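# give me the fold of what follows.
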Amino acid sequence: MDMAQRRDISELRSQRWFASDDMRGFAHRQRTQQMGMRRNEFMGRPVIGIINTWSEISPCHAHLRDRAEAVKRGVWQAGGYPVELPALSVGEVMVKPTTMLYRNFLAMECEELLRSHPIDGAVLLGGCDKSTPGLLMGAFSMDLPVIFCPAGPMSNGQWRGQKTGAGTHTKKYWDELRAGNITKADWVDLESRMTRSAGTCNTMGTASTMTSIVDAMGLTLPGASSIPAVDSGHPRMASECGSRIVEMVWEDLKPSRILDRASFLNGLVAYMAMGGSTNAAVHLIAMAGRVGVELTLDDMADMAGKVPVCANLFPLGEYLMEDFYFAGGLLALLKKFAHQLDLSRPCVNGRTLGENLEGVECWNDDVIRGEDNPVVPLSKGKTLAVLRGNLAPRGAVMKSSAANPKFLKHVGPAIVFDNPAEMNKTLDDPDLDITEDTVIVLRNAGPVGAPGMPEWGNLPIPKKLLKQGVRDMVRICDGRMSGTHYGTCILHVTPEAAVGGPLALLRTGDLIELDVMGGTLDMRVDEAELEARRADWKPTAPVYQRSFAALYQQHVSQADEGCDFDFLSGPASVPDPAIY
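Model (predicted):
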């Protein structure tokens, strides 16, 4: 990439605030000095924003306050002026009803923080599931030079000699507790031992799925997504982000100069090879929409049919993210799929993807496999399968590689629930008429219905079936599922029930037919009966009359469109603020 043409300080947007001789310029310089800055520490320098999603209630981001200091160190050394700006953390687990409700909020906040302040470029600090797409959606819309600095995965977990992965083994041992195979004392002991450090989930959950994808797209320093959160290499990487972003400002290397359809397809190669989370399907469509790139579920299904799961990581494999890092990390995986990548695409370090892969080696071929020895062959399952039919006209998704093969072609009666409370109250009734062939359905969990499309889709298996040894069933939901989970779970059913999608017309006892290889999901109910049910259907009265949730329900798109807001999607530019 030719970076010979460097901008002059007068061309930077921050100079509209700091360089003028009028009263406003005086006030901006005066107030900056009020904070203890010497005039020569900010005048004539690029202003670098550090958008930090650190929070004391977000363990995934608990170390990002320290990482911001490392970024500042790099910015100062490169001749920039760093300013840290806090943003919504959207850290999983603690945020209710779901962080997905607030992904667009973070995107708005990031965009407006960058626009309303004298920022020339930014380092984005995040990593937990929705923070990666949220920060980048806002940054794409603003289109300033940015580097994403991923929070990094937590250290490996172990319990009683067994590797344990956050989320994956929580669900596994919860089922074992309900089945009576472990004790409550075991459960309490596990609670304090599984998650050993700050950082995102150490499995191939949504966090590492998204950071790996954006790494492959060229938006992080090469391989940054694989560095564990508490490894000493992590603050060194953060400092390098600080130094590099200053150079990117001079080069005017912004997202619109890095991203095109080929960049997103590179991201899809990484997504499928990693065996990533179904959540990425929603986020990538939203991210692509912000830069005017058309990306669809069919594009993802097409790539999933070409790239098998080759990262041997929980929930599909045997290892954790720290093992992946020591084996060579994302770059080693990408090197094995170089023939499926566009190696000419530029990256934030000023080199092409191909140049960044030169000399890369894999140090453990069991952790990072090639197409000749995949973790899950394409004949046995894919990272993402897309299903359509009269139950999901615009699509539903599942991770068929994480499903029990015997359920990939299945017909069974539905048991339908309208909310989680009803489901949880009913499923463990010992007299419930249910077998492992039953299809459990939860609706009203979509973007409008919940609202926010929570991770409710890994529906519980009834206790009496767990005691019989059942560990998987066909489950259907218009919500999402944690990327750390597994099973024959069909998700993102679109249109969702709350807006009158066919899922709203399904009744307990109706037969559901699933054919994953054929890509179909249908209910065996004739059209005349469906029309009669449709005539009787009435939308649920909205719960929210005010608040951000009310705004969300009014403007959010469906899952197949990325769940972005109608007034935010698209590449249309917004002018910089006037200064008077």
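# looking at the nearest residue to D252 once chain neighbours are set aside now. What's its pLDDT?
Spatial nearest neighbour of D252, excluding adjacent residues (C-beta to C-beta, 6 or more residues apart in numbering): R7 at 5.7 Å. All C-beta spots, glycine's among them, are computed from the backbone N, C-alpha and C. pLDDT for R7: 97.
# pull out the buried positions in the longest helix belonging to the chain.
The single longest helix within the chain, with elements called by DSSP state H, is helix 233-251. Across helix 233-251, burial judged by 16 or more other C-beta atoms under 10 Å covers 234-235, 237-251.
# and what of stretch 161-179?
163-173, 175-179.
# got it, and stretch 51-58?
By 16+ other C-beta under 10 Å, the buried positions in stretch 51-58 come out as I51, N52, T53, W54, S55, S58.
# ends of stretch 366-384, how far apart?
This stretch, stretch 366-384, spans 22 Å end to end (C-alpha to C-alpha, to the nearest Å).
# can you give me how far that stretch is from the chain middle?
A distance of 22 Å separates the centroid of the chain from that of stretch 366-384, by C-alpha atoms, centre = their mean, to the nearest Å.
# repeat for stretch 218-226
15 Å.
# what sits up against the longest strand along the chain?
When the chain is scanned for its longest strand (criterion: DSSP state E), the result is strand 409-417. Strand 409-417 is contacted by residues 423, 426, 434, 437-443, 474, 476, 488, 506-518, 523-524 when judged by C-beta atoms under 8 Å, 6 or more residues apart in numbering.
# do stretch 318-328 as well
153-157, 163, 165, 201-204, 208, 226-228, 231, 311-314, 335, 360-364, 367-368.
# so what's Q33 closest to, chain neighbours aside?
Nearest to Q33 is R39, by C-beta to C-beta, 6+ apart, at 6.4 Å.
# hang on, isn't the one you found packed against H28?
No: using C-beta atoms under 8 Å, R39 is not in contact with H28; the gap is 11.7 Å.
# who has more neighbours, those two?
H28 (19 against 11; other C-beta atoms under 10 Å).
# now stretch 215-229, how far from the centre of its chain.
So, by C-alpha atoms, centre = their mean, the centroid of stretch 215-229 is 14 Å from its chain's centroid.
# now do the same end-to-end measure for that stretch.
Termini of stretch 215-229 sit 16 Å apart (C-alpha to C-alpha).
# quick one, strands of the protein?
Using DSSP E, the strands of the chain run over residues 47-52, 81-86, 121-126, 146-150, 157-159, 162-164, 385-389, 392-398, 409-417, 439-442, 475-477, 489-494, 511-515, 520-523.
# which one of those strands lies nearest to L343?
strand 146-150 (20.5 Å; C-beta to C-beta).
# burial check on D472, number of neighbours?
For D472, using other C-beta under 10 Å, the count is 17.
# for E436, same thing?
E436: 18 neighbours (other C-beta under 10 Å).
# distance check, it against V474.
According to C-beta to C-beta, to the nearest Å, E436 and V474 sit 9 Å apart.
# residues touching F105, list them.
Here F105 is in contact with L88, V90, G134, F548 (criterion: C-beta under 8 Å, 6+ apart).
# before we move on, what about M517?
L408, K409.
# re earlier: what would the buried residues of stretch 51-58 look like in a markdown table with pLDDT?
Shown next, in a markdown table, are the buried residues of stretch 51-58 (pLDDT from 0 to 100):
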| residue | pLDDT |
| --- | --- |
| I51 | 98 |
| N52 | 98 |
| T53 | 98 |
| W54 | 98 |
| S55 | 96 |
| S58 | 96 |
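# before we move on, the earlier item: a markdown table for the strands of the chain, including distance to F18?
Converted to a markdown table, the strands of the chain look like this (distance: least, C-beta to C-beta, whole Å):
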| stretch | distance to F18 |
| --- | --- |
| strand 47-52 | 8 |
| strand 81-86 | 9 |
| strand 121-126 | 15 |
| strand 146-150 | 21 |
| strand 157-159 | 48 |
| strand 162-164 | 51 |
| strand 385-389 | 50 |
| strand 392-398 | 48 |
| strand 409-417 | 58 |
| strand 439-442 | 54 |
| strand 475-477 | 52 |
| strand 489-494 | 47 |
| strand 511-515 | 61 |
| strand 520-523 | 57 |
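# and of the ones you listed, who's closest to Y271?
strand 392-398 (12.2 Å).
# the closest one: how far from the chain's middle?
When C-alpha coordinates are averaged (C-alpha atoms, centre = their mean), strand 392-398 and its chain have centres 19 Å apart.
# pLDDT weak spots in the chain?
Along the chain, the parts satisfying pLDDT under 70 run over 1-4.
# quick one, helices of the stretch 151-300 of the chain?
168-179, 184-191, 206-216, 233-251, 255-258, 261-274, 279-290, 297-304 (DSSP state H, counting those that start in this stretch).
# and the fourth one, how far out from the chain's middle?
This means helix 233-251. Using C-alpha atoms, centre = their mean, the offset of helix 233-251 from its chain centre is 23 Å.
# what's that helix packed up against?
Judged by 3 or more C-beta pairs under 8 Å, 6 or more residues apart in numbering; DSSP states H and E, helix 233-251 is in contact with strand 47-52, helix 64-77, strand 121-126, strand 146-150.
# in CSV: the ones you listed, plus distance to V269.
CSV is the format used below for those (distance: least, C-beta to C-beta, whole Å):
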stretch, distance to V269
strand 47-52, 28
helix 64-77, 28
strand 121-126, 23
strand 146-150, 18
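# any idea how far the nearest residue to Q162 once chain neighbours are set aside lies from T484?
Distance criterion C-beta to C-beta, 6+ apart; nearest residue to Q162, sequence neighbours excluded, is H169 at 8.0 Å. Noted for H169: a distance of 9 Å to T484, by C-beta to C-beta.
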